Every structure is written in structure tokens, then in C-alpha cells.
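Peer 1: sequence first, predicted coordinates after that:
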Amino acid sequence: MPKQRTRLAPRTPARERQPLSFTLEDITQRDFFVALGIWVILEVLGLVLFPALGLIQPGDRLNGWIATSVPVGVIGAFLVGASSQYINVTVDRADRTNKPLQILLGQAVGWLGLAGVLFPLLVVAVEFFTKTLGKAG
């Protein structure tokens, strides 16, 4: 018995496809929540799970690290979202003479925000390697 051919719907040409459209607020919110999620994961892993497993022994410093990490991480996530919005607005509206400097400023704010988001990882890495190198040396 011969196979029946099913008829597929015709493909839409590329010029007729609708591009994905995101509003500026969507991009800013997405970047903020992604950065905040990364910070929460690093916070739980680095400052809760690693000390509980004995990978690092922060002792009395743990409360100070957490107290420092919470505002630094939340502000860092906010800066990541704000920098993406600033760069998008700058690309659309800035004049040619100031545009490279304004984009560089937005990128610098974004990197500063990433440093805040990655603060728990930095603290744990410094603690781990200073103790490991201290024992080895």
C-alpha cells in the first residue's frame, strides 16, 4: 500500500514574518530578574551550602558577609537592569559626538552591577583559596 503524503502548510516567506518585539521595560525587567536570580543562587551556594558542607569555615564573619552581600547583590542586579535600559535609550537617542562615551558609561555601570551580583562568589573564592594556599604553604 503506498504511503499517503500529507500536505503541509506553506512556509511563510522571511519578509512576511513578524519580528520578535520586546519593549524596553521587558528587557530591563528580564535583565534585573536574571541578575537577581544568579545572585540568589550564588548566595545560597556560597554563603549557606558551602559553610554547611565544610568547604569554607567563615566562623563569625559569615553574618557580616551575608549582611554585606544582600544590599550589594540587590543593588548590583538593579544596576544591571538600569544599564541595559540606559544603553538602549542612548543608542536610540544620543547624538553622535557623545554616544560612544555614554555607551561606555552604561557598560561600566553594567560591569559594576555584575561585580555586585558576583560578590558572594568573590567572597567564597577568596576564603577558599586563602585557606587552601595557607594550608599548602
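Peer 2: Happy to help now that I have it. Numbers count the residues shown, from 1 in each chain.
Peer 1: contacts, neighbours, all on C-alpha from now
Peer 2: Noted.
Peer 1: tell me how far stretch 95-112 is from the chain's mean position?
Peer 2: Centroid separation for stretch 95-112 versus its chain: 19 Å, with CA atoms, centre = their mean, to the nearest Å.
Peer 1: repeat that for stretch 111-118.
Peer 2: Per CA atoms, centre = their mean, the centroid offset for stretch 111-118 relative to its chain is 8 Å.
Peer 1: list the contacts of the residue sitting nearest the centre point of the chain.
Peer 2: Residue closest to the mean C-alpha point of the chain, counted by CA atoms, centre = their mean, is residue 35 at 3.3 Å. Listed by CA atoms under 8 Å, 6 or more residues apart in numbering, the contact set of residue 35 reads 76-77, 80, 114, 117.
Peer 1: what about it, which helix or strand?
Peer 2: helix 24-44 (DSSP states H and E).
Peer 1: give the buried residues for that helix.
Peer 2: Residues 27-29, 31-33, 35-36, 38-40, 42-43 are the ones in helix 24-44 that count as buried (16 or more other CA atoms under 10 Å).
Peer 1: which ones among the contacts of residue 35 are found in helices?
Peer 2: Counted as lying in helices by DSSP state H, out of these, are 76-77, 80, 114, 117.
Peer 1: my guess is residue 124 meets residue 55, correct?
Peer 2: No. With contact defined as CA atoms under 8 Å, residue 124 does not reach residue 55; the gap is 9.4 Å.
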